[in-house]
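Asker: I need the structure of the sequence given here:
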Amino acid sequence: MKILVVVANPNRGSFCHAIGDAVIGTLKGNGHDVVYHDLYAEKFDPVLPAEEIPKDAQLDPVVRKHCGEAASADGIVIVHPDWWGQPPAILKGWVDRVLRQGVAYEFKAGDGGEGLPVGLLKARAAVVFNTSNTPHKRELEEFGDPLENLWKNCILNFCGVPAFHRCTYSVIITSTLEQRRAWLDDARRFASEVFPSAR
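Answerer: Below you'll find the predicted structure:
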C-alpha cells in the first residue's frame, strides 16, 4: 500500500515528529510505500489564492504534486498538535489547497438543487495522531473534542475515506520519558493495526 504521512509541527524535535518517525518506521517495516511531508520543513505555503479556487484552476507545481499524492494514496496518516482545538494554520492551508474539488471530492446535483458531496479519495483508512496539553477528560467535557469532528466528519469522511482512527497523547508538557516511550509504542501498534503487513 502507498501511505501518505503528513506532519505539521514547527519544531523538528517535537513529539509530533517522534510519532511521525515511529509510524513511518512501522509502515515501512510492514512493507508499505511511504510518501512523507514535513510541512514546516518544506515551507509549504498555506495561503489559498483566489485564482486557485476554481475546480479547473492552474495549480502551483508543488500543490499539484501534493494533490496527486493525496489522490493516489491507499492510506493517510496526519500528525499535528492541538492548537486552540484546531490544526496549525499550515496544515489547514494544506487541506484547503490539496484536498480540493476534483481531487478529494466532487458535487452532484441534489433534489433541492444543492450540490451533494461525493468523496473521491482512494484511501480506505486514515489515522490522525494529536498531541495536546489539555487532559482528555477536560477536552471532552469543556470543548467537545472539536478535532474529532473536524477530521472525521468535516474532512476525511467528506472526502470518501470510510475508516477513520484517531489517537491523542496528553499531557505532553508534563509527560515523562517513560510515558513518551509508551506512547510511541502505542503509535507503532496502532499504525500496524490499521495498516498491517503487506507481506
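Asker: going by C-alpha atoms from here, please, whenever you check contacts or count neighbours.
Answerer: Will do.
Asker: ok, the closest residue to A109 other than its chain neighbours to Q101 distance?
Answerer: Counting by CA to CA, 6 or more residues apart in numbering, the nearest residue to A109 once its immediate chain neighbours are dropped is G115, at 4.8 Å. Distance, G115 to Q101, by CA to CA, to the nearest Å: 12 Å.
Asker: same question, R138
Answerer: Distance from R138 to Q101, by CA to CA: 36 Å.
Asker: so which of those two has more stuff around it?
Answerer: Using other CA atoms under 10 Å as the criterion, R138 and Q101 rank with Q101 on top: 20 against 11.
Asker: next up, the contacts around the more buried one.
Answerer: Contact analysis of Q101 by CA atoms under 8 Å, 6 or more residues apart in numbering lists K55.
Asker: name the helices or strands packed onto the lengthiest helix in the chain?
Answerer: Secondary structure assigned by DSSP state H gives helix 177-194 as the longest helix of the chain. Helices and strands touching helix 177-194, by 3 or more CA pairs under 8 Å, 6 or more residues apart in numbering; DSSP states H and E, are helix 15-29, strand 125-131.
Asker: any idea which of the ones you listed is most buried?
Answerer: Across the helices and strands packed on helix 177-194, averaging neighbours per residue (mean count of other CA atoms under 10 Å) puts strand 125-131 on top, at a mean of 22.
Asker: can I get it as CSV, trimmed to CA atoms?
Answerer: Taking Å, rounded to 0.1, in the frame of the first residue of the first chain, the C-alpha atoms of strand 125-131 are listed here in CSV:
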residue,chain,number,x,y,z
ALA,A,125,-8.3,4.4,6.1
ALA,A,126,-6.9,7.4,7.7
VAL,A,127,-5.2,7.9,11.1
VAL,A,128,-4.8,11.3,12.9
PHE,A,129,-2.3,11.5,15.8
ASN,A,130,-2.6,14.5,18.0
THR,A,131,-0.5,15.9,20.8
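Asker: in whichever strand or helix holds N149, what's buried?
Answerer: In the assignment (DSSP states H and E), N149 maps to helix 146-149. Across helix 146-149, burial judged by 16 or more other CA atoms under 10 Å covers L147, E148.
Asker: list the buried residues in the helix or strand following that helix.
Answerer: Remark: after helix 146-149, the chain's next helix or strand is strand 163-169, criterion DSSP H and E. By 16+ other CA under 10 Å, the buried positions in strand 163-169 come out as F164, H165, R166, C167, T168, Y169.
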